[in-house]
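Visitor: test case, fold it:
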Amino acid sequence: MTSKPKVAVIMSVYGNDNEDDFVRAIESILSQHYSCDLLIYQDGPVNHLVDSVINKYSSNPSVIIFNSPINKGLAHALNTMIEYCLKSHYKYIARMDSDDISRVSRIERQVNFLEINSHIHVVGTFCKEFGSSFCLERKTLPTEHEDLLNFSITRCPFIHPTVMFRVSVFSSGHRYPENTVLTEDMALWFELLKAGYIFHNINEVLLDFQITEKTIIRRTSFKKSIGEFKIRMKNMILLKKINLKNFFLITAKLALSFTPSFIIKTAYKNLR
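Guide: Below is the predicted model:
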């Protein structure tokens, strides 16, 4: 009998993350129709309530805990867990955030898709947003690779916590870049696109994605926006996607960092 492909879900928790959100995120993975391991990286000190959640789940055989006494950032946390996965015979690695909710069929749907479509290396899904007045009931993205390649120049081709990778993507040496400011996922997407990896999004909502007022402000902070502008401009050139529309959209996202928050909220749905 052929064994089922082994899956690891990697999640980082840090600072003052909310313990109720954290528990909900954990349970959404442990309740999956497709059994998988959950790797949790404690990135620096956390509040005592989150710490108690980590201690509670540390005895679960499906949960593997990593920790650092100081905050080293999301990219470092993800890369540490990826290194563990490479040594532990996983076939697929899925992402998850500590405040989102994976729907019970998510892992099963993504594994089945990758098993059938051997030419696809990274697969994401659609999501439903919750937590603010400007959320989308159904956030959609392009599904086919060529469309995602074009889309990636000005916007993110994946909803990061919905993504599942083939482990082979990382065994070839790729990692989340650790020298970026809140743009480690975008930098990785460009790295993989330039290396010829194939992307896809499943046309289905398989994750509930929490978004708050603070999320919007953080994503349009000046420091993050400058970093994103440089990365996008550089890769627009390297991927030979130079045109007026792309230049305008990249510049427009940079301009948001100088914009009052109420305008950012209005523009967010169109410029993300």
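Visitor: where does the chain dip in pLDDT?
Guide: By pLDDT under 70, the weakly predicted segments of the chain are 1-2, 214-222, 257-272.
Visitor: which parts of this protein are strands?
Guide: For the chain, strands defined by DSSP state E occupy the ranges 7-15, 37-46, 63-68, 92-95, 101-102, 122-130, 164-166, 199-210.
Visitor: now those strands as TSV including distance to residue 238 and mean neighbour count?
Guide: In this view, the C-beta of every residue, glycine as well, is placed from N, C-alpha and C. Shown next, in TSV, are the strands of the chain (distance: least, C-beta to C-beta, whole Å; neighbours: other C-beta atoms under 10 Å):
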stretch	distance to residue 238	mean neighbour count
strand 7-15	28	23
strand 37-46	31	22
strand 63-68	33	17
strand 92-95	25	23
strand 101-102	33	24
strand 122-130	19	22
strand 164-166	22	23
strand 199-210	17	20
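Visitor: redo those strands as CSV? Include distance to residue 249.
Guide: Below are the strands of the chain laid out as CSV (distance: least, C-beta to C-beta, whole Å):
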stretch, distance to residue 249
strand 7-15, 29
strand 37-46, 32
strand 63-68, 37
strand 92-95, 25
strand 101-102, 30
strand 122-130, 21
strand 164-166, 27
strand 199-210, 19
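Visitor: list the contacts for residue 71?
Guide: Applying C-beta atoms under 8 Å, 6 or more residues apart in numbering to residue 71 gives the contacts 14-15, 43-45.
Visitor: to residue 152, which of the strands of the chain lies closest?
Guide: Distances from residue 152 to each of the strands of the chain were compared using C-beta to C-beta; the shortest belongs to strand 199-210, at 8.1 Å.
Visitor: which among the contacts of residue 71 gets closest to residue 212?
Guide: Proximity of these to residue 212, judged by C-beta to C-beta, is greatest for residue 15, which lies at 14.7 Å.
Visitor: still on that earlier bit, the strands of the chain: which one's closest to residue 146?
Guide: The minimum distance between residue 146 and the strands of the chain falls on strand 199-210, with 9.5 Å, by C-beta to C-beta.
Visitor: got the angle for the closest one vs strand 122-130?
Guide: Interaxial angle of strand 199-210 relative to strand 122-130 (axes from the mean of the first three to the mean of the last three C-alpha atoms, to 10 degrees): 30 degrees.
Visitor: please name every helix or strand in contact with strand 199-210.
Guide: In terms of contacts (3 or more C-beta pairs under 8 Å, 6 or more residues apart in numbering; DSSP states H and E), strand 199-210 is packed against strand 101-102, helix 106-116, strand 122-130, helix 145-152, helix 184-194.
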